[in-house]
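Q: return a 3D structure for these sequence lines:
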Amino acid sequence: MAQYLIRMHTQGMKFNIRERRKGASLTQEEVADMLGISVSLYNGLETGKRRMNETYLEGLANIFEVPASHLIIEEIQSVPIASEVIDGAMVPPFDLQTGSSFPQVECPPQLSPKNLFAVRVSGNSMEPIYSNGDLLFFFYKRLGVVPSYALNKRCLCTDVSGQGWIKQVRTGTERGQYNLSALTPSSNNAHDVRLSWAQPVRLHLPYELAKITFNGDANVDLGPSPHGRSLFSGLPQPS
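A: Below you'll find the predicted structure:
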(Lines give C-alpha, C1' and ligand atoms only; values in the text may rest on other atoms or scores of the structure.)
Protein backbone atom coordinates (compact mmCIF):
# COMPACT_ATOMS: atom_id res chain seq x y z
CA MET A 1 0.00 0.00 0.00
CA ALA A 2 2.82 2.44 0.86
CA GLN A 3 4.55 1.80 -2.48
CA TYR A 4 1.26 2.36 -4.33
CA LEU A 5 0.76 5.71 -2.62
CA ILE A 6 4.28 6.85 -3.44
CA ARG A 7 3.87 5.75 -7.04
CA MET A 8 0.62 7.66 -7.39
CA HIS A 9 2.11 10.78 -5.85
CA THR A 10 5.14 10.88 -8.14
CA GLN A 11 3.06 10.86 -11.31
CA GLY A 12 3.05 14.29 -12.94
CA MET A 13 5.57 15.71 -10.47
CA LYS A 14 8.68 17.65 -11.40
CA PHE A 15 12.04 17.12 -9.75
CA ASN A 16 15.18 19.19 -9.24
CA ILE A 17 17.61 16.28 -9.61
CA ARG A 18 19.58 17.99 -12.40
CA GLU A 19 20.33 20.94 -10.13
CA ARG A 20 21.14 18.59 -7.25
CA ARG A 21 23.48 16.55 -9.42
CA LYS A 22 25.35 19.61 -10.66
CA GLY A 23 25.54 20.97 -7.13
CA ALA A 24 27.18 17.74 -6.09
CA SER A 25 29.62 17.94 -9.07
CA LEU A 26 28.47 14.59 -10.40
CA THR A 27 27.99 13.52 -14.00
CA GLN A 28 24.91 11.73 -15.32
CA GLU A 29 27.06 8.65 -15.81
CA GLU A 30 28.15 8.68 -12.17
CA VAL A 31 24.62 9.08 -10.78
CA ALA A 32 23.27 6.43 -13.15
CA ASP A 33 25.99 4.04 -11.96
CA MET A 34 25.12 4.74 -8.31
CA LEU A 35 21.46 4.02 -9.04
CA GLY A 36 22.30 0.91 -11.05
CA ILE A 37 20.44 2.12 -14.14
CA SER A 38 21.44 3.08 -17.68
CA VAL A 39 22.54 6.61 -18.53
CA SER A 40 19.67 6.96 -20.99
CA LEU A 41 17.15 6.06 -18.28
CA TYR A 42 18.71 8.52 -15.86
CA ASN A 43 18.69 11.22 -18.53
CA GLY A 44 14.98 10.54 -19.00
CA LEU A 45 14.42 11.02 -15.27
CA GLU A 46 16.18 14.38 -15.37
CA THR A 47 14.29 15.61 -18.42
CA GLY A 48 10.93 14.23 -17.29
CA LYS A 49 10.66 11.89 -20.26
CA ARG A 50 10.78 8.84 -17.99
CA ARG A 51 8.53 8.41 -14.96
CA MET A 52 10.05 8.62 -11.52
CA ASN A 53 9.22 5.81 -9.11
CA GLU A 54 9.75 5.32 -5.40
CA THR A 55 12.94 3.29 -5.87
CA TYR A 56 14.64 5.94 -8.00
CA LEU A 57 13.44 8.76 -5.76
CA GLU A 58 14.72 7.12 -2.59
CA GLY A 59 18.00 6.24 -4.29
CA LEU A 60 18.54 9.80 -5.47
CA ALA A 61 17.69 11.14 -2.00
CA ASN A 62 20.43 8.91 -0.57
CA ILE A 63 22.92 10.01 -3.23
CA PHE A 64 22.30 13.71 -2.66
CA GLU A 65 21.87 13.23 1.10
CA VAL A 66 18.56 15.07 1.32
CA PRO A 67 15.00 14.00 2.18
CA ALA A 68 13.09 12.74 -0.86
CA SER A 69 10.62 15.63 -0.45
CA HIS A 70 13.46 18.08 -1.17
CA LEU A 71 13.80 16.66 -4.67
CA ILE A 72 10.22 17.56 -5.58
CA ILE A 73 9.49 20.91 -7.23
CA GLU A 74 6.32 22.36 -5.79
CA GLU A 75 4.21 23.99 -8.47
CA ILE A 76 2.80 27.23 -7.15
CA GLN A 77 -0.75 27.96 -8.21
CA SER A 78 -1.61 31.55 -9.07
CA VAL A 79 -4.83 33.46 -9.60
CA PRO A 80 -5.53 36.57 -11.72
CA ILE A 81 -5.76 40.06 -10.29
CA ALA A 82 -8.76 40.94 -12.41
CA SER A 83 -9.95 44.39 -11.36
CA GLU A 84 -9.91 47.15 -8.75
CA VAL A 85 -12.45 48.16 -6.12
CA ILE A 86 -13.25 51.44 -4.39
CA ASP A 87 -15.55 51.84 -1.40
CA GLY A 88 -18.24 54.44 -1.91
CA ALA A 89 -17.89 54.51 -5.69
CA MET A 90 -18.87 52.31 -8.56
CA VAL A 91 -16.09 50.83 -10.66
CA PRO A 92 -16.23 49.36 -14.18
CA PRO A 93 -17.61 45.82 -14.45
CA PHE A 94 -15.30 43.16 -13.13
CA ASP A 95 -13.62 41.65 -16.19
CA LEU A 96 -13.08 38.23 -14.71
CA GLN A 97 -10.84 36.51 -17.21
CA THR A 98 -7.57 34.69 -17.05
CA GLY A 99 -4.48 34.97 -19.20
CA SER A 100 -1.13 36.70 -19.53
CA SER A 101 -2.77 40.12 -19.88
CA PHE A 102 -3.50 40.08 -16.15
CA PRO A 103 -0.99 40.16 -13.31
CA GLN A 104 -1.14 36.99 -11.23
CA VAL A 105 -0.78 36.55 -7.49
CA GLU A 106 0.31 33.40 -5.71
CA CYS A 107 -2.71 31.53 -4.44
CA PRO A 108 -2.91 31.61 -0.64
CA PRO A 109 -2.41 28.08 0.72
CA GLN A 110 -5.70 28.11 2.61
CA LEU A 111 -7.73 28.69 -0.57
CA SER A 112 -8.34 26.55 -3.66
CA PRO A 113 -7.35 28.25 -6.95
CA LYS A 114 -10.47 26.96 -8.72
CA ASN A 115 -12.76 29.89 -9.60
CA LEU A 116 -10.64 32.11 -7.35
CA PHE A 117 -9.97 35.72 -8.31
CA ALA A 118 -8.31 38.69 -6.66
CA VAL A 119 -9.05 42.39 -6.91
CA ARG A 120 -6.93 45.28 -5.67
CA VAL A 121 -8.13 48.08 -3.46
CA SER A 122 -7.81 51.54 -5.00
CA GLY A 123 -7.39 54.51 -2.71
CA ASN A 124 -7.57 54.87 1.05
CA SER A 125 -11.33 55.24 1.46
CA MET A 126 -11.55 51.88 3.22
CA GLU A 127 -8.88 52.57 5.84
CA PRO A 128 -8.30 51.08 8.34
CA ILE A 129 -10.08 47.94 7.08
CA TYR A 130 -8.35 47.77 3.69
CA SER A 131 -5.44 49.87 2.46
CA ASN A 132 -4.50 51.12 -0.98
CA GLY A 133 -3.15 48.23 -3.08
CA ASP A 134 -4.34 45.43 -0.79
CA LEU A 135 -5.65 42.26 -2.43
CA LEU A 136 -9.07 40.76 -1.77
CA PHE A 137 -9.75 37.17 -2.79
CA PHE A 138 -13.15 35.76 -3.66
CA PHE A 139 -14.71 32.81 -5.49
CA TYR A 140 -16.63 33.80 -8.59
CA LYS A 141 -19.76 31.79 -9.32
CA ARG A 142 -22.28 32.67 -12.01
CA LEU A 143 -25.33 32.03 -9.88
CA GLY A 144 -27.47 34.88 -11.20
CA VAL A 145 -28.64 35.41 -7.62
CA VAL A 146 -27.18 36.59 -4.34
CA PRO A 147 -26.53 33.49 -2.21
CA SER A 148 -27.78 33.51 1.36
CA TYR A 149 -24.26 32.98 2.70
CA ALA A 150 -23.27 36.39 1.26
CA LEU A 151 -25.75 38.30 3.39
CA ASN A 152 -24.36 40.47 6.17
CA LYS A 153 -20.81 39.96 4.90
CA ARG A 154 -18.28 42.12 3.09
CA CYS A 155 -18.79 41.24 -0.54
CA LEU A 156 -17.65 41.90 -4.05
CA CYS A 157 -20.87 42.47 -5.92
CA THR A 158 -22.24 43.69 -9.24
CA ASP A 159 -25.55 45.45 -9.81
CA VAL A 160 -27.84 44.72 -12.75
CA SER A 161 -26.20 47.49 -14.80
CA GLY A 162 -22.87 45.69 -14.45
CA GLN A 163 -21.16 48.11 -12.07
CA GLY A 164 -18.97 46.66 -9.34
CA TRP A 165 -18.98 47.43 -5.65
CA ILE A 166 -17.42 46.34 -2.39
CA LYS A 167 -19.99 46.65 0.37
CA GLN A 168 -21.62 44.76 3.17
CA VAL A 169 -24.73 43.20 1.64
CA ARG A 170 -28.02 43.21 3.55
CA THR A 171 -31.59 42.43 2.53
CA GLY A 172 -33.55 45.34 1.07
CA THR A 173 -37.15 46.46 1.15
CA GLU A 174 -38.38 44.07 -1.51
CA ARG A 175 -37.31 40.68 -2.74
CA GLY A 176 -34.34 41.00 -5.08
CA GLN A 177 -33.28 44.32 -3.60
CA TYR A 178 -30.32 44.78 -1.29
CA ASN A 179 -28.96 47.45 0.97
CA LEU A 180 -25.25 48.01 0.52
CA SER A 181 -23.51 49.26 3.64
CA ALA A 182 -20.25 51.17 3.28
CA LEU A 183 -17.25 49.81 5.12
CA THR A 184 -16.34 53.18 6.60
CA PRO A 185 -18.35 56.21 7.84
CA SER A 186 -16.82 58.43 5.14
CA SER A 187 -18.45 56.44 2.32
CA ASN A 188 -22.06 56.34 1.25
CA ASN A 189 -24.56 53.53 1.69
CA ALA A 190 -26.83 52.40 -1.15
CA HIS A 191 -30.40 51.25 -0.65
CA ASP A 192 -32.63 48.80 -2.52
CA VAL A 193 -30.06 48.00 -5.18
CA ARG A 194 -30.75 45.12 -7.54
CA LEU A 195 -27.68 42.89 -7.67
CA SER A 196 -26.80 40.31 -10.29
CA TRP A 197 -24.34 38.53 -8.02
CA ALA A 198 -22.36 38.87 -4.82
CA GLN A 199 -19.59 36.84 -3.25
CA PRO A 200 -17.97 37.30 0.17
CA VAL A 201 -14.37 38.38 0.53
CA ARG A 202 -12.61 35.16 1.51
CA LEU A 203 -9.20 36.58 2.33
CA HIS A 204 -7.54 39.96 2.70
CA LEU A 205 -3.83 40.16 1.82
CA PRO A 206 -1.80 43.35 2.36
CA TYR A 207 -0.09 44.31 -0.88
CA GLU A 208 3.41 44.17 0.60
CA LEU A 209 2.93 40.46 1.34
CA ALA A 210 1.68 39.52 -2.13
CA LYS A 211 3.88 37.53 -4.52
CA ILE A 212 2.89 38.87 -7.91
CA THR A 213 3.94 37.72 -11.37
CA PHE A 214 3.32 39.40 -14.72
CA ASN A 215 4.20 38.04 -18.16
CA GLY A 216 6.34 35.38 -16.51
CA ASP A 217 8.34 37.77 -14.33
CA ALA A 218 8.27 36.84 -10.65
CA ASN A 219 7.99 39.12 -7.62
CA VAL A 220 6.72 42.06 -9.65
CA ASP A 221 6.12 45.16 -7.54
CA LEU A 222 3.06 46.86 -9.00
CA GLY A 223 3.06 49.30 -6.10
CA PRO A 224 -0.06 50.63 -4.40
CA SER A 225 -2.97 51.14 -6.75
CA PRO A 226 -3.17 54.83 -7.73
CA HIS A 227 -6.45 56.29 -6.50
CA GLY A 228 -8.69 57.49 -9.29
CA ARG A 229 -6.79 55.66 -12.04
CA SER A 230 -7.30 52.35 -13.70
CA LEU A 231 -5.51 49.56 -11.89
CA PHE A 232 -4.16 48.35 -15.22
CA SER A 233 -3.00 51.74 -16.51
CA GLY A 234 0.00 51.07 -18.73
CA LEU A 235 -0.61 47.32 -18.79
CA PRO A 236 -1.95 45.41 -21.81
CA GLN A 237 -5.74 45.29 -21.90
CA PRO A 238 -7.63 42.18 -23.01
CA SER A 239 -9.35 42.48 -26.36
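Q: all strands for the protein, in order.
A: Assigned by DSSP state E, the strands in the chain fall at 14-15, 72-73, 78-85, 104-106, 116-121, 135-139, 154-159, 164-171, 177-181, 190-200, 203-205, 212-213.
Q: other residues contacting stretch 34-49?
A: 14-15, 17-18, 21, 28-29, 31-32, 50, 52, 56, 59-60, 63 (C-beta atoms under 8 Å, 6 or more residues apart in numbering). For glycine as for every other residue, the C-beta is placed from the backbone atoms N, C-alpha and C.
Q: format the strands of the chain as JSON lines; extra columns: distance to residue 41 and mean neighbour count.
A: Shown next, in JSON lines, are those (distance: least, C-beta to C-beta, whole Å; neighbours: other C-beta atoms under 10 Å):
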{"stretch": "strand 14-15", "distance to residue 41": "14", "mean neighbour count": "16"}
{"stretch": "strand 72-73", "distance to residue 41": "19", "mean neighbour count": "14"}
{"stretch": "strand 78-85", "distance to residue 41": "34", "mean neighbour count": "22"}
{"stretch": "strand 104-106", "distance to residue 41": "35", "mean neighbour count": "22"}
{"stretch": "strand 116-121", "distance to residue 41": "39", "mean neighbour count": "24"}
{"stretch": "strand 135-139", "distance to residue 41": "43", "mean neighbour count": "21"}
{"stretch": "strand 154-159", "distance to residue 41": "51", "mean neighbour count": "23"}
{"stretch": "strand 164-171", "distance to residue 41": "55", "mean neighbour count": "21"}
{"stretch": "strand 177-181", "distance to residue 41": "63", "mean neighbour count": "18"}
{"stretch": "strand 190-200", "distance to residue 41": "49", "mean neighbour count": "18"}
{"stretch": "strand 203-205", "distance to residue 41": "44", "mean neighbour count": "15"}
{"stretch": "strand 212-213", "distance to residue 41": "35", "mean neighbour count": "18"}
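Q: could I get those as CSV with distance to residue 43?
A: Converted to CSV, the strands of the chain look like this (distance: least, C-beta to C-beta, whole Å):
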stretch, distance to residue 43
strand 14-15, 13
strand 72-73, 18
strand 78-85, 31
strand 104-106, 32
strand 116-121, 38
strand 135-139, 42
strand 154-159, 49
strand 164-171, 52
strand 177-181, 61
strand 190-200, 48
strand 203-205, 42
strand 212-213, 30
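Q: any idea which of those has the lowest pLDDT on average?
A: Mean pLDDT is lowest for strand 212-213 out of those, coming in at a mean of 76.
Q: which helices and strands sit right next to it?
A: On a contact count with 3 or more C-beta pairs under 8 Å, 6 or more residues apart in numbering; DSSP states H and E, strand 212-213 meets strand 104-106.
Q: partners of the strand it packs on in the sheet?
A: When sheet partners are counted by DSSP bridges, strand 104-106 sits next to strand 78-85 (antiparallel), strand 212-213 (antiparallel).
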